[in-house]
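Engineer: Sequence first, predicted model second:
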Amino acid sequence: MVKRFKNRKASFQYYFVEEVEAGISLSGTEIKSLRDGKMNFKDSYARIDGNEVWLVNLHISPYEKGTYFNHDPERKRKLLLHKREIKRLLSKIEEKGMTLVPKEVYINDRGLAKVLLALAKGKHTYDKSDTVKERDEARDMARTMKNWK
């Protein structure tokens, strides 16, 4: 069973251009807290520093049963990508208005924590209202189809 945590706010604020899967370097209490579902995306994003990719502002709550070895909830977390992937992402981020946003965090079948990063471009305010309108229309259409049967 794969446990998934989706960043629903990101699809409202950004257009997704491309997706990349990366591993996350976590401490012991962080992975335990993640398995308990104690995670919040808030204003998280990924940043490339040199040859490394870091996930910033991802809030993983301290593990309840942890001792003084517990982790800092908002520390920077290193993402595990190949060097050629990092270079390719860096060249695309240098384009105007592009950023790396975590779209989804999950624990795969092997028990490894992964993050689905999206290369994204920010939406304008009028684009956001269009998104809300499309979502409402789709919901109404699904409701009428359900009642129609």
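Structural biologist: Cool, the structure landed.
Engineer: Can you say which helix or strand has residue 114 in it?
Structural biologist: According to DSSP states H and E, residue 114 maps onto strand 113-122.
Engineer: could you pull out the strands for the chain?
Structural biologist: 3-6, 14-24, 39-40, 45-49, 52-56, 59-60, 77-80, 98-107, 113-122 (DSSP state E).
Engineer: thinking again about what came up before, list the helices and strands the strand holding residue 114 packs on?
Structural biologist: If contacts are counted by 3 or more CB pairs under 8 Å, 6 or more residues apart in numbering; DSSP states H and E, strand 113-122 sits against helix 8-13, strand 14-24, helix 83-93, strand 98-107. For every residue, glycine as well, the C-beta is placed using N, CA and C.
Engineer: between the ones you listed, which gets the lowest average pLDDT?
Structural biologist: Lowest mean pLDDT within the helices and strands packed on strand 113-122: helix 8-13, a mean of 82.
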